[in-house]
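# based on what follows, work out the 3D shape:
(one chain, ligands or ions: 1)
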Amino acid sequence: MEIEVRSQTDDEMIFVVRDAEVPFVNAIRRCAMVNVPKIAIEDVNIIRNDSAMFNEVLAHRLGLTPLVSDLDAIEGLPLPEDAEWEDFNSGILFSLHEVGPKVVYSKDLISSDSKIKPVYDTIPLVKLKEDEEIIIEASAKVGYGKEHAKWMPTTVCAYKQYPEITFNDEEEVDYDCASACPRGILKSDRRSKKIKINELEDSPLIGVENCTMCRSCVRASANGYINVGHKDNDFIFRIETDGAMPPKEVLLKACDVLGEKAEKFIKFSDEGGSK
Ligand code: SF4
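Predicted coordinates for the structure are as follows:
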C-alpha cells in the first residue's frame, strides 16, 4: 500500500491511498469518525441564567463548542469506560460569569487547564440584555464520536475511488465532451486532435483526481469517445476537523485503534473464540 499526501493544513488533509481494499479504507474512515477520543463539555451546572435562551439549548451549545483536544492532554484524563469519568470534577472545569448587555462568546469560557480551551474565540454562546446575568460551571470530558457528535473529531471524513478517464481511439475525437465538463478538467486540443486533462490551479489534486465522476462528458459524447470509471484499489481520502485536533493526529490515532481491534480479534481467534 502506498500513501501520497496531496495537501495538509491545521484542519484539512487530502491524500491518495493506492493498492488498498474498500473494507480497510472504510474501517479507517469509521475509526477516525467514532473511535478517536476528543474533549467536549459534557456536564453543565447552570447556577443562573437570566437570558432568553433555555438552559438545555445553552448546554447543547456549550457541548458543541470545539475545544483544543491535544492527544497529549487527553492522555491523563479518564475515558468513558473508567469509573471516575462520571465525576463532575474528573474533567477539565470551565466557568462562565457574565453580565449584560453583551454577547457572550466562547472566549469568555475560563478553563482550569490553559492548554484546553475553545478552538475559536468568536463563537457566540448567548446574548444578554441589560443587567441579565449568567453563571455557569461546566466539566469537559473525553468521549467518542460513537456516543455523541460533539466528540467526533472530523467534520468531513470521506473517500472516493480514484477516477479513471479513457478515450476510445477507434472513434472520431468528440470535442463536445470537453465543453460539457463542469469542473473544466477536459481541454480540447484541436492541433493534436486530442482531449487533454487540465490541471486546476486552486486544487491540490493532480489531473484526473479532480474528476467528480459526474459523467456529464460521457452523456455529451454521442459516439462514446470518452468513458469514465474508477480504479478499484486506489482512493482519494479527505479528512477535515473542527480545529480541535490536526487531521494527521486523527488519522494516526484511527490507525492505532484499528490495529488494537485487529489484535483483539486475532487473540480471540487464537484462543479458539471461547470468550
Ligand atoms: S466525469 Fe464529470 S468531472 Fe469527470 S471529466 Fe467527465 S464531466 Fe468532468
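
# any buried residues in stretch 206-216, and which?
209-211, 216 (16 or more other Cβ atoms under 10 Å). (Glycine included, C-beta is placed from N, CA and C.)

# now swap in stretch 96-110 and tell me
Buried-residue list, stretch 96-110, by 16+ other Cβ under 10 Å: 96, 98, 100, 104-106, 108-109.

# tally of neighbours for residue 241?
27 (other Cβ atoms under 10 Å).

# isn't it right up against residue 253?
No: counting by Cβ atoms under 8 Å, residue 241 sits too far from residue 253 to count as a contact (11.7 Å).

# residues of the stretch 151-275 of the chain that sit close to the ligand?
Counting by Cβ under 6 Å from any ligand atom, the stretch 151-275 of the chain comes close to the ligand at 165, 180-181, 183, 185-186, 211-217, 228.

# mind listing which of those are in strands?
With DSSP state E as the criterion, strands contain 165, 186, 228 from among these.

# quickly list what the first one is bridged to.
So the one you mean is residue 165. residue 228 (DSSP bridges).

# how many residues are close by whatever residue of the stretch 51-200 of the chain ends up closest to the ligand?
Using Cβ to the nearest ligand atom, the closest approach of the stretch 51-200 of the chain to the ligand is made by residue 181 at 3.3 Å. Per other Cβ under 10 Å, the neighbour tally for residue 181 reads 21.

# ok, now residue 69?
Neighbour tally, residue 69, other Cβ under 10 Å: 26.

# one more: residue 145?
By the criterion of other Cβ under 10 Å, residue 145 has 22 neighbours.

# circling back to that earlier point, among the buried residues of stretch 96-110, name the ones in helices.
Assignment to helices by DSSP state H places none of the buried residues of stretch 96-110 there.

# turn those into CSV, including pLDDT.
Formatted as CSV, those follow (pLDDT from 0 to 100):
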residue, pLDDT
96, 97
98, 97
100, 88
104, 98
105, 98
106, 97
108, 97
109, 97
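
# can you put those in CSV and add distance to residue 16?
Output for those, formatted as CSV (distance: Cβ to Cβ, whole Å):
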residue, distance to residue 16
96, 44
98, 48
100, 52
104, 44
105, 39
106, 36
108, 42
109, 39
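
# of the residues you listed, just say which sits nearest to residue 19.
Nearest to residue 19 among these, counting by Cβ to Cβ, is residue 106 at 43.1 Å.

# OK, contacts around the closest one?
Contact partners of residue 106, counting by Cβ atoms under 8 Å, 6 or more residues apart in numbering, are 65, 118, 120-123, 125.

# can you select the buried ones from those in PyMOL?
Remark: buried members of the contacts of residue 106, expressed as a PyMOL selection using 16+ other Cβ under 10 Å:
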select buried, resi 65+118+123+125
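
# in strands, which of the contacts of residue 106 fall?
Going by DSSP E, the strands hold residue 125 from those.

# re the thing from before, ramachandran coordinates for the residue of the stretch 51-200 of the chain closest to the ligand?
Main-chain dihedrals, residue 181, degrees, to the nearest 10: phi -80, psi 120.

# can you start the count at 22 instead of 1 from here on
OK, 22 is where the count begins now, so the last one is residue 202.

# SS state for residue 293?
When classified by DSSP: H, G, I helix; E, B strand; the rest coil, residue 293 comes out as coil.

# number of residues surrounding it?
Residues near residue 293, counting by other Cβ under 10 Å: 7.

# mind pulling the model confidence for it?
What the model reports for residue 293 is a pLDDT of 77.

# again, but for residue 249
Listed pLDDT for residue 249 reads 96.

# residue 89: neighbour count?
Other residues close to residue 89 by other Cβ under 10 Å number 16.

# brain fart, residue 268
Neighbours of residue 268 (other Cβ under 10 Å): 24.

# how close does it sit to residue 175?
8 Å (Cβ to Cβ, to the nearest Å).

# identify the contacts common to those two.
260-262.

# okay, and the beta partners of the residue nearest the centre of the chain?
In the chain, the residue lying closest to the centroid (Cα atoms, centre = their mean) is residue 175, at 2.4 Å. Per DSSP bridges, residues listed as beta-bridge partners of residue 175: residue 262.

# brilliant, that's me finished.
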